[in-house]
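> with the input below, show me the fold.
(2 chains)
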Protein chains: 2
Amino acid sequence: MKDIQSEIVMTTDGLKDMLGRVSLTPVEKARAILLDALRDSTGKTERCSLSDALDRILACDLLSPEDLPNHPRSTMDGFAVRAADTFGASSSTPCYLEIDGDVAMGQMPEGTVRQGQCFRIATGGLLPDGSDAVLMFEHTIPVDEKMIEVVKSVGVGINLINWGEDIAKGSLALAQGHLLRPQDMGLLAGLGISEVDVYVKPKVGILSTGDEIVPWTESPPPGKIRDINSITLSGLCTRLGATVTDYGIVTDSEEIFFATVERACNENDVVLFSGGSSVGMRDLGERVIEKLGSPGILVHGVALKPGKPIIIGLSNGTAIFGLPGHPVSAMVCFELFVDPALQLIAGMSPSENSLQATVHALLDRNINSAAGRLDLVRVQLQQRKNDIPLAVPVLGKSGSISTLSRAHGYFFIDEASQGINKDSQVMVHLLS
Amino acid sequence: MKDIQSEIVMTTDGLKDMLGRVSLTPVEKARAILLDALRDSTGKTERCSLSDALDRILACDLLSPEDLPNHPRSTMDGFAVRAADTFGASSSTPCYLEIDGDVAMGQMPEGTVRQGQCFRIATGGLLPDGSDAVLMFEHTIPVDEKMIEVVKSVGVGINLINWGEDIAKGSLALAQGHLLRPQDMGLLAGLGISEVDVYVKPKVGILSTGDEIVPWTESPPPGKIRDINSITLSGLCTRLGATVTDYGIVTDSEEIFFATVERACNENDVVLFSGGSSVGMRDLGERVIEKLGSPGILVHGVALKPGKPIIIGLSNGTAIFGLPGHPVSAMVCFELFVDPALQLIAGMSPSENSLQATVHALLDRNINSAAGRLDLVRVQLQQRKNDIPLAVPVLGKSGSISTLSRAHGYFFIDEASQGINKDSQVMVHLLS
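Residues are numbered from 1 along each chain as shown, chains lettered A, B, ... in the order given. The predicted structure follows:
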């Protein structure tokens, strides 16, 4: 924690330069400060029926209580045989086996396969005693009701799934921090695990600030605009599995703003307020977070476009994000900062989320960028037959919500670059 | 429709070759037959409050009822000016403007900016009459309370967002078939659209077959195994926004099986049954789909590994999928066939789902494949510092659910290839 504390002091110390401008933290550093500060945000856990556990996050390692399968099963339609009986068989030198029984589906087979004999077996059938392989129908020719001609040999263990081959008793089925996807539900069902310990869903409180904002359900009087950020941020949080509370629109009055953020902090794991890109609101957001308690502000302003004026704080265990008022900037800050923080708070293992699927595309025009700043460029993707897609930048101001709705995704221009040329290959992150 | 019909006849005609083996349809062709047959599956629509519309699919084009914004707004903190007044200004040849007013946030500004004058304005403030640009604070030096020195010129329309610049009245806001993502919710909120027409969620009925299967909530007696597919398929459908009904486990008896599938077909848009990879069950599934009504079986068996024995049918408007019993095969068939069909039935525009994000990775071993068959290879991805990830194939039988749980994703080896070499670059689709 010592390192973080010194980082924080450094960052807050350096908040303003001599011209009163905010000094900017690089995006990667800001994210590291944030995630490091949240490292110990262990979530509460609850027990949950497997039927209700889809998309929840496992709160402990799950070991397999049994072997799966718990008896060797056939993976083909054919004959359960002693593999050695078929060795050397081919269509020119076939061998012959006597059919001595049938494996009834869903029942333990009766009897034993002895040398020179076989049992009929279907896919999923349990291997009878004595047998150690399954010969496919396709490799046999019926001689009569009681005899087959074998035209191909089969090795021990072929066409069957063995004791514990899927998963062995006592081995790790799923690790703590794992998101339960449909296939994981199947694994747990197969093991008979009917209840799981999962993390309680993180709670997020959302409020908008600004005297010019009215609820989107109202018709704005002249000079006012509808609240766009609350419903967008709420949707983003909901998709991440969080429980969202909307605290409505708060005026720019410091007293009311502080009281609402304080209440939201007491009731949630994460608080998002948006609006206040103006210098006055920025200062207000800053003062309120510092007043709320230790450690206070972690990051104030990042070297990012759009999204520069974000404030990130932590007070008494609640992460607080002051997001820019422009809808595009707010959503970009959500993707880069709130999303990873929320997943950490939700209990998700960091390794779960480190793989980023992207679409490789060719940029269709030159884009300039300022060095020392991470630029996020929204693009539409145009599919082309037998060629990689074209990435067409969606130009528009960060106040323009329609540009986000039109964009398929975005790519980054890193801090070291001053732009990127037409026909360069870019890795586009899809906005799902 | 004529082409499809002849395709269907061809496919069903060709169901078995002289050895009684099923002839296999290539995956792309099978998918085209399926999606073509579902072309006219227009969903029912319902009206829905915007608050409840996240992840629903728009049933009609939405035109913007107004200009957004409906008045020019500042995107910076600074001064509303007449741009012409600043032309030629620089730090060596500054010009001077008189501060004649303030724009109060959330109110229509009073007064007019006249030549040689300016109004203080914050981000989001409405531009007063007479002004046509916003000069950033950073490009001014205060002289006194009533005067600023301008050290940089500003062009007309700079640092503001104009009438309808985000979206113009009457233009297309969102198209029919669009999935409502958080950013789309924001756009509609900004336009004051509080209710939307969306498609009714598709209904999916799921049943498992096989005398060896018991519900996963039960302890299986010797010879039986727990149902893995129902909960996995249910989770996959739920994630796609479908309403799922579980019809439980049905025995291999044709009478009971037919009655249950018939009931499920009457009550759902899509019916999935799984199990029955054995020849007997395959034949049963085939007979049942044909008995249910026209057009009956569309595809029976595809050139795919795993997933070969899938049966796809359509009866009286309900899509029916007979999925293989092996959990891995069932999930692969879901990804390749049920997923796109369900999205089409849900009303999603085909263009919405055509972009596939992938992770480029390097294959860490040689993989063989049979020509004429699409192979889907499950892989774990290993991140490497400053290098593309390594794709490590997860080997294991298609009956092994744990291999799906361990895999991060999969890549394809196409029909023309007989394998793929170590160190080849592969495009891995992530299993989310």
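
> what's near enough to touch the residue in the stretch 301-432 of chain A that chain B sits nearest to?
Ranked by CB to the nearest CB, the top residue of the stretch 301-432 of chain A for proximity to chain B is A:Ala357, at 3.6 Å. Where C-beta positions appear, they are placed from N, C-alpha and C, glycine not excepted. By CB atoms under 8 Å, 6 or more residues apart in numbering or on different chains, A:Ala357 lies in contact with A:Leu430, B:Ala357, B:Thr358, B:Val359, B:His429, B:Leu430.

> lowest-confidence entry in these?
Note: of the contacts of A:Ala357, the lowest pLDDT belongs to B:Ala357, at 87.

> how much space separates A:Ser294 from A:Val134?
66 Å (CB to CB, to the nearest Å).

> over to A:Glu66?
From A:Glu66 across to A:Val134, the span is 23 Å (CB to CB).

> higher neighbour count, these two?
Between A:Glu66 and A:Val134, counting by other CB atoms under 10 Å in any protein chain shown, A:Val134 is the more crowded of the two (29 against 15).

> and that one, which helix or strand is it part of?
Taking DSSP states H and E as the definition, one finds A:Val134 inside strand A:133-136.

> please apply the same query to A:Pro340.
Taking DSSP H and E as the criterion, A:Pro340 maps to helix A:339-345.

> now A:Lys169
Under the criterion DSSP H and E, no helix or strand holds A:Lys169.

> in a helix, A:Ser234, correct?
Yes - judged by DSSP: H, G, I helix; E, B strand; the rest coil, A:Ser234 forms part of a helix.

> report whether stretch A:398-416 contacts chain B.
Yes - residues of stretch A:398-416 contacting chain B under CB under 8 Å from any CB of the partner chain: A:Ser398, A:Gly399, A:Ser400, A:Ile401, A:Ser402, A:Thr403, A:Leu404, A:Ser405, A:His408, A:Gly409.

> and what of stretch A:233-240?
Yes - counting by CB under 8 Å from any CB, chain B is contacted by stretch A:233-240 at A:Leu233, A:Ser234, A:Gly235, A:Leu236, A:Thr238, A:Arg239.

> give me the below-cutoff pLDDT ranges for the stretch 301-432 of chain A.
A:353 (pLDDT under 70).

> mind listing the helices for it?
Under the criterion DSSP state H, counting those that start in this stretch, helices of the stretch 301-432 of chain A are mapped to A:327-333, A:339-345, A:401-406.

> try the stretch 51-200 of chain A
Ranges of helices within the stretch 51-200 of chain A are A:182-190, based on DSSP H, counting those that start in this stretch.

> filter the residues of stretch A:398-416 next to chain B down to the buried ones.
Neighbour counting over these (16 or more other CB atoms under 10 Å in any protein chain shown) leaves A:Ser398, A:Gly399, A:Ser400, A:Ile401, A:Ser402, A:Thr403, A:Leu404, A:Ser405, A:His408, A:Gly409 as the buried ones.

> quick one: residues contacting the second one.
Same thing as A:Gly399. Counting by CB under 8 Å, 6+ apart, the residues that A:Gly399 touches are A:His326, A:Pro327, A:Val328, B:Pro69, B:Arg73, B:Thr75, B:Ile161, B:Asp166.

> which of those residues ranks first by neighbour count?
Using other CB under 10 Å as the neighbour test, the contacts of A:Gly399 are led by A:Pro327, with 29 neighbours.

> mind checking how far the nearest residue to that one once chain neighbours are set aside is from B:Asp184?
Leaving aside its chain neighbours, A:Pro327 sits nearest to A:Ile401 (4.2 Å; criterion: CB to CB, 6 or more residues apart in numbering or on different chains). A:Ile401 sits 9 Å away from B:Asp184, going by CB to CB.

> pretty sure A:Leu191 contacts A:Leu63?
No - using CB atoms under 8 Å, A:Leu191 is not in contact with A:Leu63; the gap is 9.5 Å.

> same drill for the two, tell me which one is more crowded.
Taking neighbours as other CB under 10 Å, A:Leu191 and A:Leu63 compare with A:Leu191 leading, 25 against 14.

> contact partners for the more buried one?
Contact analysis of A:Leu191 by CB under 8 Å, 6+ apart lists A:Ser64, A:Pro65, A:Glu66, A:Leu68, A:Ile167, A:Ala173, B:Arg226.
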